[in-house]
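1. Give the three-dimensional model of this entry:
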Amino acid sequence: MRDIRREEDELSKRAARSAERITKIKESEAELFRQLAQLRLDPAMQGELNDRISSAEAKARDMLKAHALDMGKAEKAMNDLDEARSGQIEKRNAAVALLDAQLKKLQQLTAGLTATLASDASFQAKKAETEELDRVAEQSMRKTELAEADREGKGRPYRSDPLFMYLWDAGYGTSGYKAGNLTRYFDRMIADLIRFQKARPNYAMLNEIPLRLREHAERQEALVQKAEAELAALEMSAVDAAGGRPIRDAIAAAQAEIVVLDGEILATEDKRDAAASALHALAEGKHPAFENASTELAAALGREDIQTLLASARLTRTGQDDTIVAQIDEARTRLREEDEESRDWRERLKTLAARRRELEDIQWEFKKQRFDDPTSSFKEDRLVGDLLDQFLRGGISAASYWDQWRRSQNWAAGSEWGAGYKSTRQTRTSKMPNNPWPPSGGGFNWPDGSFGGGGGNKSKPSGGFGGGWGGSSSGGGGFSRPRTGSSGTRKSGGFKTGGGF
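-> Numbering: from 1, shown residues only. From the prediction side, this is the model:
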């Protein structure tokens, strides 16, 4: 990101200098035409042409000065925002370091509580109840999914029959059926033809069973989440009794500070993005007044009488004419070369700006999904080597590059409480409300970590690709990073640790 921003700044300066050089080359060309007019035109025509060119030159010269001042202001604004962002990141790093220290204290404190809770009858009873509710919820969800699969597969022949679906949509055979006598007559004929009265209850049952099972599964999910929250409360009470409340408060304060700082960093990045866009526009000479002055000068040099003057000079063979014409040709050659180089820089600038924004999106997803958590690791070293180079060169898309991070990421194993309650539900506990903090990376996994989840766990709630804390991620093409004009603030649904983004 630093390299991209640095190169963006350098290219902006080069493009700005190129725009200024193009205008100065046009000024030089104007001066050459003035000299040519003195040699070939009568005084009256010289005066008219000189006034026209001089007016355009004066406007261009004034705009060059104003343009240089505007560029200086825009560059200073960028530097100020970079300094502000650096300061915010330093504060975030300090908050993260404090958070990590408090988490380690909590880990040390809770290391000796396993035996205490293992002998606590109320905790063990609640743990057994939670495990049983978890098992029932898992079975209910499996039955629901099977019924929904049946509805999709077995219902296809019904849905593909246009006559059946016509009668079904009309509510034929139900109290909701509304039709005139003639329509009823023909509908009855169709129903008899396709044996609708026999097929309708089968299709209705095929649709109804999954709905009822889904309602039951959701009730079971609510029960198990309630039990998990109660089990978590017992664990937290044990920690508080052992003197952990001040540590928990310090953790909560550090988390809150990180969330605030993330919002401030986001706002600063958005301001910098806007400042970069303004700087790019200036660098490309897109300021309306600058464009107008440059266009006027170009128009003055492109008038028919000017071109006629040049053509006439080419036809005669005098030393002075030939020298001036050669200088005009040289200026126009330099102008074309400068314009081509400027276009190349502008294209590179657009590409860099797009890459920067995509990397900002990836950084945002990285933190939102808590991949900078101390318990997070990545098995693919090429993510910050070959794959990063491929992304920056346009070989792979931002979505593909982010998906490589997701598939490489893993969570460290956590120690277990007692017998080690571990949710078996596909939804796990990621929808659980009032999640106070993430796993501490060792001896104490809170509700979102399923109370001592055992080995490396890829299904740890990670925020969802663009979806808050709603479950597993997907490698879709969109990113959820809010930018100015959408929400303007980070909505992470949880805390983040580690990292220096």
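
2. all helices for the stretch 251-400 of the chain, in order.
-> For the stretch 251-400 of the chain, helices defined by DSSP state H, counting those that start in this stretch occupy the ranges 288-301, 304-315, 319-368, 386-392, 398-408.

3. Compute the inter-axis angle for the third one and helix 398-408.
-> Taking axes from the mean of the first three to the mean of the last three Cα atoms, to 10 degrees, helix 319-368 and helix 398-408 form an angle of 30 degrees between their directions.

4. So which elements touch helix 319-368?
-> If you count contacts as 3 or more Cβ pairs under 8 Å, 6 or more residues apart in numbering; DSSP states H and E, helix 319-368 packs onto helix 2-40, helix 245-283, helix 304-315, helix 386-392, helix 398-408. Where you see a C-beta, it was placed from the backbone N, CA and C, and this is true even at glycine.

5. Please repeat the previous calculation with a cut-off of 6 Å.
-> Applying 3 or more Cβ pairs under 6 Å, 6 or more residues apart in numbering; DSSP states H and E, we find helix 319-368 packed against helix 2-40, helix 304-315.

6. Now do the first one against helix 245-283, angle only.
-> What it means is helix 2-40. Going by the same axes, to 10 degrees, helix 2-40 makes 10 degrees with helix 245-283.

7. if we can go back for a sec, confidence-wise, which of the helices of the stretch 251-400 of the chain is weakest overall?
-> Mean pLDDT per stretch puts helix 288-301 lowest among these, at a mean of 56.

8. Give me the below-cutoff pLDDT ranges for the protein.
-> The chain contains residues with pLDDT under 70 at 33-62, 64, 285-321, 374, 413-478, 483-501.

9. how does it divide up, domain by domain?
-> Using automatic domain parsing, the domain ranges for the chain come out as 2-111+245-449, 114-241.

10. Now do the end-to-end distance for the shortest one.
-> According to Cα to Cα, to the nearest Å, domain 114-241 extends 14 Å from its N-terminal end residue to its C-terminal end residue.

11. Next, work out how far apart residue 197 and residue 159 are.
-> Here residue 197 is placed at a distance of 18 Å from residue 159 (Cβ to Cβ, to the nearest Å).

12. Helices along the stretch 1-150 of the chain, start to end?
-> Going by DSSP H, counting those that start in this stretch, the stretch 1-150 of the chain shows helices at 2-40, 43-110, 113-118, 121-154.

13. Could you point out which of those helices sits nearest residue 391?
-> For residue 391, the closest of those is helix 2-40, at 11.4 Å, according to Cβ to Cβ.

14. can you pull the buried residues of the closest one?
-> Of all the residues in helix 2-40, those buried under the rule 16 or more other Cβ atoms under 10 Å are 4-5, 8-9, 11-12, 14-23, 25-34, 36-37, 40.

15. do stretch 162-174 as well
-> Buried residues in stretch 162-174, defined by neighbour count with 16+ other Cβ under 10 Å: 164, 167, 168, 172, 173.

16. Which residues does that stretch contact?
-> 158, 177, 187, 190, 191, 194, 196, 200 (Cβ atoms under 6 Å, 6 or more residues apart in numbering).

17. rerun that using 10 Å as the cut-off
-> The contact list for stretch 162-174 (Cβ atoms under 10 Å, 6 or more residues apart in numbering) reads 157-159, 161, 176-179, 183-184, 187-188, 190-191, 193-197, 199-201, 203-204, 207.

18. And for stretch 389-401?
-> Residues from elsewhere that reach stretch 389-401 (Cβ under 10 Å, 6+ apart): 3-4, 351-352, 354-355, 357-359, 361-362, 365, 382-383, 386-388, 402-404, 465, 475-479.

19. and the end-to-end length of it?
-> End-to-end distance of stretch 389-401 (Cα to Cα): 10 Å.

20. who are the neighbours in contact with the nearest residue to residue 258 once chain neighbours are set aside?
-> Among residues not flanking residue 258 along the chain, residue 95 sits closest, at 5.1 Å (Cβ to Cβ, 6 or more residues apart in numbering). Contact analysis of residue 95 by Cβ under 10 Å, 6+ apart lists 253, 254, 255, 256, 257, 258, 259, 260, 261, 262, 497.

21. change it to 8 Å
-> With contact taken as Cβ atoms under 8 Å, 6 or more residues apart in numbering, residue 95 is in contact with 254, 257, 258, 261.

22. Count the neighbours of the last one for me.
-> What it means is residue 261. 20 (other Cβ atoms under 10 Å).

23. how much space between it and residue 193?
-> Residue 261 is 71 Å from residue 193, by Cβ to Cβ.

24. coming back round to it: would you list the buried entries among the contacts of stretch 162-174?
-> Of those, these count as buried by 16+ other Cβ under 10 Å: 158, 161, 187, 191, 196, 199, 200, 203.

25. Let's have those residues in JSON lines, adding secondary structure and distance to residue 111.
-> Converted to JSON lines, the buried ones among the contacts of stretch 162-174 look like this (DSSP: H, G, I helix; E, B strand; the rest coil; distance: Cβ to Cβ, whole Å):
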{"residue": "158", "secondary structure": "helix", "distance to residue 111": "60"}
{"residue": "161", "secondary structure": "coil", "distance to residue 111": "65"}
{"residue": "187", "secondary structure": "helix", "distance to residue 111": "74"}
{"residue": "191", "secondary structure": "helix", "distance to residue 111": "72"}
{"residue": "196", "secondary structure": "helix", "distance to residue 111": "68"}
{"residue": "199", "secondary structure": "helix", "distance to residue 111": "64"}
{"residue": "200", "secondary structure": "helix", "distance to residue 111": "63"}
{"residue": "203", "secondary structure": "helix", "distance to residue 111": "59"}
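
26. Looking at the residues you listed, which one is closest to residue 329?
-> Of the buried ones among the contacts of stretch 162-174, the one sitting nearest to residue 329 (Cβ to Cβ) turns out to be residue 161, at 78.7 Å.

27. For the closest one, which non-adjacent residue is spatially closest?
-> residue 194 (7.1 Å).

28. ok now do the one you found, which residues does it touch?
-> Contacts of residue 194 (Cβ under 8 Å, 6+ apart): 161, 163, 164, 167.

29. out of those residues, who's nearest residue 335?
-> Residue 335 lies nearest to residue 161 out of the contacts of residue 194, by Cβ to Cβ, at 71.8 Å.

30. Phi and psi next, for the closest one.
-> phi -90, psi 110 (degrees, to the nearest 10).

31. Would you mind confirming that residue 71 makes contact with residue 280?
-> No: at 11.1 Å, residue 71 and residue 280 do not qualify as touching, with contact defined as Cβ atoms under 8 Å.

32. Highest mean neighbour count out of the domains of the chain?
-> Comparing these by mean neighbour count (mean count of other Cβ atoms under 10 Å), domain 2-111+245-449 ranks first with a mean of 17.

33. How much space separates residue 281 from residue 231?
-> 58 Å.

34. Check residue 333 too.
-> Remark: distance between residue 333 and residue 231 (Cβ to Cβ) = 80 Å.

35. swap in residue 94?
-> Residue 94 is 34 Å from residue 231, by Cβ to Cβ.

36. Repeat that for residue 363.
-> Separation of residue 363 from residue 231 (Cβ to Cβ): 35 Å.

37. Over to residue 264?
-> 36 Å.

38. tell me the contacts of residue 190?
-> The neighbourhood of residue 190, defined by Cβ under 8 Å, 6+ apart, consists of 163, 166, 167, 196.

39. Keep only those of the residues you listed that are in strands.
-> Counting by DSSP state E, no part of the contacts of residue 190 is found in strands.
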